[in-house]
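> could you work out the structure for the sequence below:
(one chain, ligands or ions: 2)
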Amino acid sequence: MLTKQDIIAEAKRLKFADIGFTDAKPFDSQKEYLLAHQDGYGWAEAIGLGLLAGTDPKNILPQAKSIIVLLESYFEESYPLPLEHHFGRCYLDDDRVTKDGLALKIKSFRKLLQLNGIDSKVPFDLPHRLSAARAGLGTFGKNSLFYARRVALNSSFVFPIAIVIDAEYTPDESSIAIECPEWCRNTCVAACPTRALKGDGKIDPLRCISFLTYYGAGLTPLELREPMGMYIYGCDRCQNVCPRNIPWMVRKKPQNPRVLAKESNFDLSCLLHMDKLYFEQKVWPHMFYMSVDDIWRWKMNVARAMGNSLNPAYVKELILAFGENSDERVRCMIAWALGRIGNQEAMTGLRKFFDNSEGIEKKEIKQAIIAIEKRKV
Ligand code: SF4
Ligand code: SF4
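Ligands and ions are numbered 1, 2, ... in the order given. The predicted structure follows:
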């Protein structure tokens with residue numbers, strides 16, 4: 001029989017940052033919370049994420065007896081700054097599709113279990129952060145994120161990987177708690193641009209920029225365009241402002257060579273003009289929450305980020321993209337972005353588009369023209 005020490009040694013050998021054990025009891029409090037907040041989480045059930053089913057490990061593995069939680073410290077290497085400003089860090093080196101990094105480590109870890117007659121499942125719908133806290137690996141922040149207790153300088157830059165197994169191991173002592181210093185005075189809550197954080201460690205997922213960038217329905221409402229800022233896929237603002245993260249953020253790190261190699265693929269101009277083939281080959285394997293049918297949302301997000309950059313160098317690109325795109329949502333956001341940058345070239349482009357547009361598109365172009373004119377007064 002594989003001992004707990006054997007398993008811990010294998011996690012260390014594979015360079016996981018930490019490991020903990022918990023039992024396979026259902027996560028009743030999570031189930032109750034989800035049921036009481038279906039207005040905020042119903043979408044997840046609708047797209048098949050199965051969060052409710054995931055609150056009982058026995059739905060994942062009927063003979064479940066324990067959960068092993070591995071912690072991966074994902075911000076050990078630095079990323080190019082422009083990428084950090086447009087994408088959530090946790091997505092920059094995400095191998096869930098390419099399966100050439102973390103996935104290989106998880107596979108090796110499970111191999112040891114399998115060789116010793118232990119069945120395991122790695123569900124995506126189990127409450128991973130709660131499992132990690134129940135396994136004593138860390139605590140929560142008021143930004144609803146999980147903070148490590150023993151590694152990564154206690155920061156939130158860790159992924160918990162929960163593995164349900166059919167063997168019983170002594171659970172570790174739970175560390176479920178919100179552990180924010182009093183003096184912080186809810187910095188993350190105040191800093192959240194879309195007021196998604198409720199202040200009690202809970203989040204309204206439908207207001208979070210991360211959700212809005214990959215699942216937001218239709219044209220982004222006007223009142224959210226500026227607050228969503230430069231983020232295109234994900235958001236790290238509540239992690240960046242958190243004093244619990246600063247020690248890890250300021251620590252010198254070597255550059256991540258894999259992310260550096262693909263940096264140019266995520267250049268804003270390339271993303272604005274990309275076709276389906278470009279998307280499928282260079283973007284989707286790394287950031288896959290949106291399918292090729294949602295390429296319009298990528299472009300709409302990029303146009304918004306360009307507008308919020310206030311960079312006149314993007315005006316030409318935006319004007320060109322207006323002609324390339326037939327999608328009304330993309331064209332409306334391009335008009336808004338031109339209005340936000342607001343130089344003479346943008347105004348000339350908008351006036352030209354105005355004559356050949358109709359409906360909501362014409363309305364957006366008119367609003368953009370008015371926005372520029374107002375700033376001139
Ligand atoms: S990720 Fe961004 S939008 Fe979401 S809660 Fe944090 S700061 Fe707010
Ligand atoms: S910013 Fe402050 S309140 Fe928010 S998670 Fe960090 S320590 Fe807690």
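> what sits against Ala303?
Leu272, Leu318, Ala321, Val330, Met333, Ile334, Trp336, Ala337 (Cβ atoms under 8 Å, 6 or more residues apart in numbering). The way it works is simple: take the backbone N, C-alpha and C, and place the C-beta from them, glycine included.
> most widely separated two among these?
Spanning the widest gap among the contacts of Ala303 are Leu272 and Trp336, at 14.0 Å by Cβ to Cβ.
> circling back: which members of the contacts of Ala303 occur in helices, if any?
Of those, the ones assigned to helices by DSSP state H are Leu272, Leu318, Ala321, Val330, Met333, Ile334, Trp336, Ala337.
> let me see the ranges of the helices in the stretch 251-377 of the chain.
Using DSSP state H, counting those that start in this stretch, the helices found in the stretch 251-377 of the chain span residues 257-262, 268-273, 276-278, 295-309, 315-324, 328-341, 344-355, 359-376.
> get me the contact residues on the stretch 151-300 of the chain for ligand 1.
The stretch 151-300 of the chain has residues Cys192, Thr194, Ala196, Leu197, Ile203, Cys208, Ile209, Ser210, Cys235, Arg237, Cys238 near ligand 1, with proximity defined as Cβ under 6 Å from any ligand atom.
> make TSV out of those residues and add secondary structure and pLDDT.
TSV is the format used below for these (DSSP: H, G, I helix; E, B strand; the rest coil; pLDDT from 0 to 100):
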residue	secondary structure	pLDDT
Cys192	coil	98
Thr194	coil	97
Ala196	coil	97
Leu197	strand	97
Ile203	strand	94
Cys208	coil	97
Ile209	helix	98
Ser210	helix	96
Cys235	coil	98
Arg237	helix	98
Cys238	helix	98
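> domain-wise, how is this structure divided?
When the chain is parsed with automatic domain parsing, its domains come out as 4-76+87-180, 267-377.
> show me where pLDDT drops low in the protein?
Scanning the chain for pLDDT under 70 picks out the ranges 377.
> just give me the residue right at the centre of it.
Ranked by distance to the mean C-alpha position of the chain (Cα atoms, centre = their mean), the top residue is Gly234 at 3.9 Å.
> contact partners for that one?
Gly234 sits next to Phe87, Gly88, Arg89, Cys90, Tyr91, Ile209, Ser210, Thr213, Tyr214 when contact means Cβ under 8 Å, 6+ apart.
> pick out whichever of the residues you listed sits closest to Glu361.
The closest of the contacts of Gly234 to Glu361 turns out to be Thr213 (Cβ to Cβ; 22.2 Å).
> test my guess that the closest one contacts Cys235.
Yes - Thr213 is in contact with Cys235 according to Cβ atoms under 8 Å; the separation is 7.2 Å.
> and Ile163, what element?
strand 158-165 (DSSP states H and E).
> so what are the sheet partners of that strand and their directions?
Counting by DSSP bridges, the strands paired with strand 158-165 are strand 66-73 (antiparallel), strand 120-121 (antiparallel).
> so Tyr147, which state does it fall into?
Following DSSP: H, G, I helix; E, B strand; the rest coil, the label given to Tyr147 is strand.
> contacting residues around it?
So Tyr147 contacts Gly138, Thr139, Phe140, Gly141, Asn154, Ser155, Ser156, Glu179, Arg244 (Cβ under 8 Å, 6+ apart).
> and if we set it to 10 Å?
Residues in contact with Tyr147, defined by Cβ atoms under 10 Å, 6 or more residues apart in numbering, are 129, 132-133, 137-141, 153-158, 175, 178-180, 239, 242, 244-245.
> taking the stretch 1-150 of the chain, what residue is nearest to ligand 1?
Asn143 (5.7 Å; Cβ to the nearest ligand atom).
> now for that residue, how many residues are close by?
Asn143: 26 surrounding residues under other Cβ atoms under 10 Å.
> quick one, what contacts it?
156, 178, 180, 186-189, 191-192, 196-197, 201, 203, 237-239, 241-242, 244-245 are the contacts of Asn143 under Cβ under 10 Å, 6+ apart.
> give me the buried subset of those residues.
Burial of the contacts of Asn143 was assessed by neighbour count (16 or more other Cβ atoms under 10 Å); the buried members are 156, 180, 187-189, 192, 196-197, 201, 203, 237-239, 241-242, 244-245.
> please state the offset of stretch 336-348 from the chain centre?
30 Å (Cα atoms, centre = their mean, to the nearest Å).
> measure it end to end?
End-to-end distance for stretch 336-348: 14 Å, by Cα to Cα, to the nearest Å.
> if anything else comes up later, I'll come back, but that's it for now.
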